[in-house]
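1. quick one: sequence plus predicted model below, questions after.
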Amino acid sequence: MVVGLAAAQDRPVFRVKVDMVVLSFTITDNKGKYVNGLKPRDLKVLEDGISQKIATFAEGNKPPVQLAEDGSMKPITLSSAGMVDGRSDAFVGTNVFVLFDTSNYMYRGFVYAEDAIADFIRGLDRADSVAVYTFSRNLSRAAPLTKERTDAIFGLRKAVAGDDAALYNALLLTLRDAAHIPGRKVVIVFSNGPDNASMVAPDDVRAVAEDEGIPIYVISTNEVNKDPISSSVFKRISTRTGGRSYFAKTWQKQVEAFESIREDLGNSYTVTYYPQPNPNEGFRKIDVQVASDVGKKYRVQCRPGYRPRGGF
Amino acid sequence: MIRLSLVLGTLYAMAAGAVAQDLSAEAWQLESKGEALQARERLQKAAEASPNDAGVLRAYAEFLDRHRDPAAREIYTRLEQALARSGASNQERAAVARRQAILDLLAGDREAAVRHVEAYRTAGGNGLALPQSAAPDAAKPNFIEIPGPLRSFARMAALSPDLKPDDLLPALARNVVTNGYQAANSNEALEQTEYLKLVVRYLSQARELERLATQDKNIRIETCESNETGDLLRVLGYRMRGGCGSDVVLETVNATRAFLTIDSGFPLAELEQALRTNRPFVLDYHRTRVPILYNADYWLSAKEKTSGEFIDAFISDPSLCRLYLGMSKLDPQTAKALREEIPAARLKVYAHVLDFFGAMFQISDGKALVPGGARTEKTWAEMAGVPPEKGAAFFERLISRDDGWMASYFDALARINGPVKDYLTEPERMKRFYAAIRGRVTSPGPARPVFRSNTDMLLLTTRLRLDANGKPHLPGSIDVWKNLFANHPHGKYDAKLTRSAANWKDADDVLEALFGLCRKAVENEPLKIFMALSDVERNRTKPLEVATVDRLAREYRQLSAQYPLFSEAPAVSDATIIAFLDTVHAINQIHDAGLRADAAGTLQALVGLWQIFLRQETISQADSDGALAEILAPLAKVQGARDLFDGVRAGVRVLLKATHSPENVSPQDRMIDLLAGTGTSDGSEAHQTVVEDMIRVFESQRLVSLATLFELADNLESVARGEKLNTALAGKLAARISEIQLPRSALTTLEKNSLSFGYWTERHIEAQRKLNLRAAIEKAANEPSKLKELRGSLAPFLRDTLVGLNYIHYAPPGAQVLHTNPLFVRSHDFIGIQGAQQTWKHTELFGTGWPANAGGRLVGSLASLPYALAEAEQNFLIPSREQALIWGDLVPQMILTAVIPRWWSVTPVQLHWVGMHMAYADTLLAESALSAERRKQMIAVLDKYAPPARLKKLDSLLTAGDVRGAAENIVPSEMYLAADELAAKDQESPIAGDIRKLAAQAPDAVSARSISRICGSPKPTLANSYQPELLNLRTFPTLMGYSSRILAESWESNLLYYAALADEVHVRPAQLNVLIPAWTQQTVERIFATHLEDWPALLRSLRLVGDDVRQKARKQLMADN
C-alpha cells in the first residue's frame, strides 16, 4: 500500500493506492496455439517500461504460487484469517460473472440464449465460480457467486424478459461487484447489443474494467450487426480489457465461442505484482514479454494498462 | 407493633416511589439529551435489581412503550404481577391492564388482549370492549378461478407477488387498461399489445398443463423415461438432449412455448435436475382462487356475449376492466347503491370517468355527500340536473355530464379541506367557476387519456391560498393579471379572456380565467405563473411590489426555472430580484458563446451555493439579501474572462463572509464543510463520512480546488509585477489538466449529426486541456497587462469547480455516474441545443442509451440539478427481487428527500417527538378497536387524508379488532397527523401525556414549523421550492404531464418514518445524515410495485427496511447486554 497526498486538494486527503495489480493474459504462438508451461522466470512484466517483480504466479486453474526474493516458488497458504469471504480457495479458478441481456432486443432469442448460457455454465471448469446477473432497464442478481452449477442455473432459469436495455449501466454494476471479489475474475456478456437506457458510456465502463483488471468477453449473434455501433463497441471493450468478442450466426451456434473462452480461462496465466515507483498517476501501459521469444513470434493478449486507483 | 410496621411499610413505599420517580425523571432527561440507550440500560438494571418495585417497573415499561420496544409487554406483565403482590389500587391495575391490551392488539395477540380487557374490567375499568371475531368482513367474498398457480400468473400479468388477494383483480384490471390494448394501425379499433397476447398465451399453456395434472392437481413425473415426461416437455416447448441420467439437458424446441415456460417462472431447472437424477418431479398445479367483487355474473352482465372462463372474458374487454377498477375504488356502501340502481352495462359506458374521478364519491343513507355539504346541495342539483338526495342517480348523472368535466370538478373540490374548500364551494362561486371550466365544447373529456388531464384544476384547488381577509391571494395587483392576459408578450392565451380581462375587478375574475384555462389542451401558463408567484410570496412578510410581480410574470417563460430561488429566500428584496433578472439579461448579451456559458454557469453555481447555505441556515435570512446582491453585482458587468474570474472570486468571498467563515481559511475546505451541512465539524464519524464522500466525488471529477485557482491567480498578479512563477502551483494545475480526458467522440458522421448538442461543452473541455500556463506566461513575458489577463484562462476551471461543488452536494447515494464519468461535471451544457435557449431553463438529462457518445449529461441551468442527478442515478439501484423495476417517476423524488435535507441541527428531543407520535398513533389504532368513541374520532381525523373506500376498510377492520390489518392501511404521515391532533385532549394515555410534557419543555423545537423542516420533503413541483416541508396533503393520483411525480411529492411518510425509527433504535440525530440515504436506497430497492399509483408497495418496502433495522439494532443490544 502506498499512502500519498492528493495533488489538487488542500485538506490533507490521503489517497491510498490499493496497488497490487492482478494481470491475466494468454500467450499464443504464430499458429494461434496456446503456449503453456511457462514459468515466472520466462516472463517479463513492464509497466511504462519499468520492469516489475512478480509476486504470485498461476497457470490456468492450477493453484497459484508465491515467488520469493530468490526466485523460488512456494504454494500460497492462507491461514484462517487469510480466508477471503470464508473461502480458502478464493484464488483458485476463475470467478465468472455472467451478464445476460433480457431486454426487448433479446425477445426472439431469449430462450435460446438462456439455453446457451446454461450450457456454458455446465462446461466451466470445476475450480471456477460463477454468478448470473440479468438486466434490462435495471440489473438483477439472479444467482450470487457460487461453485454450485445447479444454483447458478436455477438463478438463470428465473430470468424474466424485460423492456429497455441499459447494458453499460449493468456492466458497470457487475464490474463493481466483481471488483470486491479477490482472485481472478471475468465478466461474460450475452447480448444482442443495442442500448437505449444507459447513463454511462461504454468507454467509461471499459476504463473501470481496465483499472480493475477484469477482462470482458462478449457473446453475441449476427443480430448485433444490425447495429454496427454496438458490434464495434463490443469489439473495442473486449479487446481493450483482455477479453474477446464472438458473433455466431445464432445463439444455438455458440459452442465454438464457449470452447474458446473456456480455453482462454484454462490456458491463461495470472500474475500479481506490486508496481515499482512510477510518477505516472495517469494511464500506465502494461507490456508482457516472453524472455525466450527472441523473434517476437508469440502474441500476448492482455489489458493494455490501467489507472492507479485513488481513494481514502 | 402493627402500627410501627404499617408506618415503616408506608415509609418504605414512599421511599420506593421517590426512587422510581427519580429514575423516571433521570431516564427522561437522558432521552432528551439523546442518551436513550443509557437510559434504557439504567432502567433495565434498576428493574433487575428491584424486581418487585412497581414504580421502577412502570418507569421501565413506559420507557420501552414510548420507544415501541416489544419488550414492553414483558415488563408490563412483571408490573402487573408486582401490583398484584403489593395489593395496588384498582385504578393502577386497570391502567396497566389497559396498556397491556393495547400492546397485545398491536402485537396481534388477540388471546392476551381478551384476557387483559377482562382484567381491566375486573379492576373497574370501563369503556373498552373487544369485538367477538377478528374476521374483517361478515360478507363472504366470491371467487373466480384462474388456471395454474398464482405465482406464474402474477409474473405474466406483471402483478406484484405482495398484492393482497382482494387487490389482485383491480391490479390486473389496471394493467389491462393501461398496457393491454393499443390503437390498431389501420383503424380506430383496439388491438392487444404484446403484454396481453402473452397473458392470453400463458392461460392457454396453463390449461394444457392442467390437463397433465393428476386428480390431486399435481403434475407428477415419476421417471425420466415415462410418457408423461414427453407430454410435459412438449407443452413446455423443451426436449431432452442426451439420454436420461446425468447427461440430460433440456433445450428449447418450440421458442414460443419455451418463452412462456421461462417467463411464467415454471421450475424448469428443478425439472431438469429431477430428470438428471431420475427422481420424481411433483408440482402443485391447483387453480388459483381469486376474490372477486360481488360475483362474476354481475360483471358478465355488462357484456353482450361471453365465452370461456371469466378471466378470458375479463381481459378481453378493457371497458369492463375499467369498470371493475372504478368500482373497486368506491367504498362498499356507495358501490352497492350504484350497483343496485344502475345496470352494469350502463355504468360501463362511463367507466373511465368513474375510474379517475369516482374515488371521492360517497352515498350515505341513500344520499350523495357533496363537497360543500348542505349549503351546496341545491347548486349541485342544479348543475347535475339531479339532486344529491337521489344518491346513485346523482352520481350517474355526474359521471355522464360534460364528458366527465363535472365529475373531475367534484373530485377536485372533494379532495381539499379547510377555508379554501369553504371559499370555492360558496354556491354562486362554485357554479361560476364550473361554467368557466365547462365552456362550450367539452370534448375531449379529462378521463380520455391514459392519465387524468385535469392536473391544473387539482393543482389550483389544492395550492390556492386565502389571505387574512378571507380573499384568495393574488400576487401583485389585479392590473398585473389584466395586463398579462391583455398584452402578453408571447401572444394571447385566449381571445375571449383577453377581451374580458379589461373589466376584471377582483381575484375571482382571475380565478375564473384560470379555471377556464384548465380545460385547454395547451399548457396553462397563467396558472403556472399564478402558482409560482404565490409560492414566491408564501413566506414573505411583505408582498412583492407590483412592478416586480409584473416583471416576473412577463419573464416567466424564459426564467421560471429560477423562481424557486426566491421562494426559498423570503427576505430577498424586490431590488435584488430585479438585479438578478438584469444580470441574467446582461449575461445573455455576451456575444462569445463560450464566455457566456462560463458566465451563466458560474453565476448559477454561486447562486446555487448561496441557496444551499441559506437552506441550511449557515447564511441567515437577514444576511441573504445583501449576500445575493453582492454576488450579482460584478457578474452583471462581465466583459471578458478576467472580469468573470475576478467577479466570481469576489462572489466566493461574499459566500465565505456571509457564512461567518474564519479569516485565512482554505476556501476549498470551508466550502466542503459548509456543503456537508455544518460550518463547524462536530468531529463525528457521520460528518467525516459525508465529507469524505464529497471529496471522493470532487476527485473523481478531476476538479481543481478553489485554493489552487486563487493562489495561482495571485501568483500571476505577482508575475505581472516581475516576481517569479510559483512552479509548484503551476505544476498542480498542469497535473490536473493532464488528467482531463478527451471528450469521447462519436463513431460515425450519422451519430455525430444525431448529437446536435454538446458542441460548446466539448470546446469548453478542449480549451482546458490545451491550457499551458507556463508557455502562456513565457509568451506574455514583460507585458504586465497580458500577464494579468492570463488569470481569465482560469475562469473555465473556476466554473467547473463551483458547478462541481453543487453537484457533490446533491450527489445521490452511490453516485455511480459521478464516479465513473470523469467529465460529467465539465460536460454540463449551459447552452443546449441550438435555438432552444436552455441556459436558464430546468436541468434536463440528455444522451442516455447511446453507446457511441460520452454517456448522459445534464443540459440547461442548475435550477433543478438535484432532481436531474437523482434521475440520472436511479437506474443504478438494484431491485432486490426479480421482475421488480425501479419506479421511474417516484424514485428521483425519494432520492431528493434523502439528499437535500441535512440533520446536523436536529435534536434528540425532535426525534423523540416524532417517535412518540408514532407510538401514540399505534395506541390510537388499538384503542379504536376497543372503543367506538375513539374509532369515531380517529376516522374523523383520517377523513381529511384518506379516501372514503380506505376509511371504510379501516373502520371495518378496527370494528373487527384487526389492529394489524388496519395498520397496513394507514401511512406514517397520517399516523403522525392523527396523533398530533388527538394527543392534546387525551388524558388517559401515558404517551399522550409525555407528548404534552415534551411540547411544554421544548415548544420551539417541536413546533409544527420545526418538524416540517426536519421531516418534510422538497417539493419543486407542488411548492416551487426545494426547501423541505410538510404540506399534509392527500396522496395525489397520477396526473397528465407529471405521471407519478406529484404523487411522490405528496408522499410525506419517509422521513417521518425514518425519524421515528431512529428514535426507536436510539440512533443519534447526526447519524441520520448517513443512515437516511442508506435507508432510502434500501427502501427503493425493495419496492415491488404493480402500477404507477401503487403507494402501498412503497409502504410495504418502508416497513421491511424498518423491520430490518429494528432486528439488527435489537440483536446488537442483546449482544451488548
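-> Looks like it came in fine.
2. quickly list the domain ranges of chain A.
-> Domain assignment of chain A by automatic domain parsing yields the ranges A:2-60+A:277-306, A:94-266.
3. any weak-confidence spans in the chain?
-> You didn't say which chain, so I picked chain A. A:1-19, A:77-92, A:309-312 (pLDDT under 70).
4. wait, I meant chain B there
-> Across chain B (using pLDDT under 70), the flagged ranges come out as B:1-18, B:133-139, B:186-187, B:679-683, B:741-758, B:835, B:851-853.
5. residues in the stretch 251-400 of chain B within reach of chain A, list them.
-> Neighbours of chain A within the stretch 251-400 of chain B, by Cβ under 8 Å from any Cβ of the partner chain: B:251-252, B:255, B:258-259, B:262-263, B:265, B:267-270, B:272-273. Backbone N, C-alpha and C define where each C-beta goes, glycine included.
6. residue B:240 and residue B:252 touch, don't they?
-> No - with contact defined as Cβ atoms under 8 Å, residue B:240 does not count as touching residue B:252 (11.8 Å).
7. which of the two has more neighbours?
-> Set side by side, residue B:240 and residue B:252 show more neighbours around residue B:252, with 24 against 19, by other Cβ atoms under 10 Å in any protein chain shown.
8. what residues does the more buried one make contact with?
-> By Cβ atoms under 8 Å, 6 or more residues apart in numbering or on different chains, the residues touching residue B:252 are A:111-112, A:115, B:237-238, B:258.
9. before we move on, which element is residue 172 in?
-> No chain specified, so I'll use chain A. Under the criterion of DSSP states H and E, residue A:172 resides in helix A:167-179.
10. not quite, go with chain B.
-> Going by DSSP H and E, residue B:172 is in helix B:165-179.
11. show me what that helix is packed against.
-> helix B:194-212, strand B:288-292, helix B:310-315, helix B:318-328 (3 or more Cβ pairs under 8 Å, 6 or more residues apart in numbering or on different chains; DSSP states H and E).
12. can you verify my assumption that residue B:392 contacts residue B:337?
-> Yes - if you go by Cβ under 8 Å, residue B:392 and residue B:337 touch, sitting 4.6 Å apart.
13. overlap in contacts of the two?
-> Joint contacts of residue B:392 and residue B:337 (Cβ under 8 Å, 6+ apart) are residue B:363.
14. mind checking which of the contacts of residue B:252 are in strands?
-> Among the contacts of residue B:252, DSSP state E puts residue B:238 in strands.
15. out of the contacts of residue B:252, grab the one that's most surrounded.
-> residue A:111 (27 neighbours).
16. so how far is residue B:239 from that one?
-> Between residue A:111 and residue B:239 the computed distance is 12 Å (Cβ to Cβ, to the nearest Å).
17. repeat that for residue B:494.
-> In terms of Cβ to Cβ, residue B:494 sits 68 Å off from residue B:239.
18. ditto for residue B:397
-> For residue B:397 relative to residue B:239 (Cβ to Cβ), the value is 62 Å.
19. these two: who's more crowded?
-> residue B:397 (19 against 15).
20. the host helix or strand of that one vs helix B:318-328, what angle?
-> Assigned by DSSP H and E, residue B:397 belongs to helix B:392-400. Here the directions of helix B:392-400 and helix B:318-328 differ by 130 degrees (axes from the mean of the first three to the mean of the last three Cα atoms, to 10 degrees).
21. show the subsequent helix or strand relative to helix B:392-400.
-> Using DSSP H and E, the first helix or strand after helix B:392-400 is helix B:405-414.
22. I'd guess residue A:286 is in a strand, am I close?
-> Yes - looking at residue A:286 with DSSP: H, G, I helix; E, B strand; the rest coil, it is inside a strand.
23. quick revisit: which ones among the residues of the stretch 251-400 of chain B next to chain A map onto helices?
-> Counting by DSSP state H, those place B:255, B:258-259, B:262-263, B:268-270, B:272-273 in helices.
24. rebuild the residues you listed as a markdown table, extending it with distance to residue B:488.
-> Compiled in a markdown table, those are given as follows (distance: Cβ to Cβ, whole Å):
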| residue | distance to residue B:488 |
| --- | --- |
| B:255 | 59 |
| B:258 | 61 |
| B:259 | 56 |
| B:262 | 58 |
| B:263 | 54 |
| B:268 | 64 |
| B:269 | 66 |
| B:270 | 68 |
| B:272 | 70 |
| B:273 | 72 |
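25. nearest to residue A:198, of these?
-> Using Cβ to Cβ, residue B:263 is the member of those that lies nearest residue A:198, at 23.9 Å.
26. quickly find the element holding residue 230.
-> With no chain named, the answer covers chain A. helix A:228-241.
27. could you do chain B instead?
-> helix B:227-236.
28. ditto for residue A:71
-> Short version, using DSSP H and E: residue A:71 is in no helix or strand.
29. tell me the contacts of it?
-> A:40-41.
30. before we move on, back to that, which of the contacts of residue B:252 lies closest to residue B:219?
-> residue B:238 (14.1 Å).
31. so for stretch B:245-258, first residue to last residue, what's the gap.
-> 22 Å (Cα to Cα, to the nearest Å).
32. rewinding a little: ok now the helix holding residue B:172, how far from the chain's centre?
-> 23 Å (Cα atoms, centre = their mean, to the nearest Å).
33. can you check stretch A:143-153 too?
-> Remark: stretch A:143-153 is offset 18 Å from the chain centroid, using Cα atoms, centre = their mean.
34. how about residue B:697, phi and psi?
-> phi -70, psi -40 (degrees, to the nearest 10).
35. and it, how many neighbours?
-> Residues near residue B:697, counting by other Cβ under 10 Å: 21.
36. tell me who's in contact with it.
-> B:804, B:807-808, B:811, B:815, B:818-819 are the contacts of residue B:697 under Cβ under 8 Å, 6+ apart.
37. among these, which ones are in helices?
-> Using DSSP H, these in helices are B:804, B:807-808, B:818-819.
38. helix, strand or coil for residue B:1027?
-> Residue B:1027 - assigned by three-state DSSP - is strand.
39. any idea how far it lies from residue B:602?
-> 24 Å.
40. between these two, which has more neighbouring residues?
-> Ranked by neighbour count (other Cβ under 10 Å), residue B:1027 and residue B:602 place residue B:602 first, with 28 against 23.
41. so the more buried one touches residue B:794, yeah?
-> No - if you go by Cβ under 8 Å, residue B:602 and residue B:794 don't touch, sitting 11.5 Å apart.
42. how about residues contacting stretch B:268-288?
-> Residues outside stretch B:268-288 that contact it (Cβ under 8 Å, 6+ apart): A:150, A:153-154, A:156-157, B:145-150, B:153, B:209-210, B:213, B:217-224, B:229, B:232, B:236, B:238, B:240, B:244-250, B:261-262, B:267.
43. export it as PDB, just CAs?
-> In PDB, the C-alpha atoms belonging to stretch B:268-288 read as follows (Å, rounded to 0.1, in the frame of the first residue of the first chain):
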ATOM      1  CA  LEU B 268     -37.600 -25.900 -15.300                       C
ATOM      2  CA  ALA B 269     -34.300 -26.100 -13.600                       C
ATOM      3  CA  GLU B 270     -35.900 -28.300 -10.900                       C
ATOM      4  CA  LEU B 271     -37.500 -30.500 -13.600                       C
ATOM      5  CA  GLU B 272     -34.100 -30.800 -15.300                       C
ATOM      6  CA  GLN B 273     -32.500 -31.700 -12.100                       C
ATOM      7  CA  ALA B 274     -35.100 -34.400 -11.300                       C
ATOM      8  CA  LEU B 275     -34.600 -35.900 -14.800                       C
ATOM      9  CA  ARG B 276     -30.800 -35.900 -14.400                       C
ATOM     10  CA  THR B 277     -31.000 -37.600 -11.000                       C
ATOM     11  CA  ASN B 278     -34.000 -39.800 -12.100                       C
ATOM     12  CA  ARG B 279     -36.000 -38.600  -9.100                       C
ATOM     13  CA  PRO B 280     -39.800 -37.900  -9.200                       C
ATOM     14  CA  PHE B 281     -40.800 -34.400 -10.100                       C
ATOM     15  CA  VAL B 282     -44.000 -33.100  -8.400                       C
ATOM     16  CA  LEU B 283     -45.500 -29.700  -9.000                       C
ATOM     17  CA  ASP B 284     -48.600 -28.500  -7.300                       C
ATOM     18  CA  TYR B 285     -50.800 -27.200 -10.100                       C
ATOM     19  CA  HIS B 286     -54.000 -26.200  -8.300                       C
ATOM     20  CA  ARG B 287     -56.000 -23.500  -9.900                       C
ATOM     21  CA  THR B 288     -55.800 -20.100  -8.300                       C
END
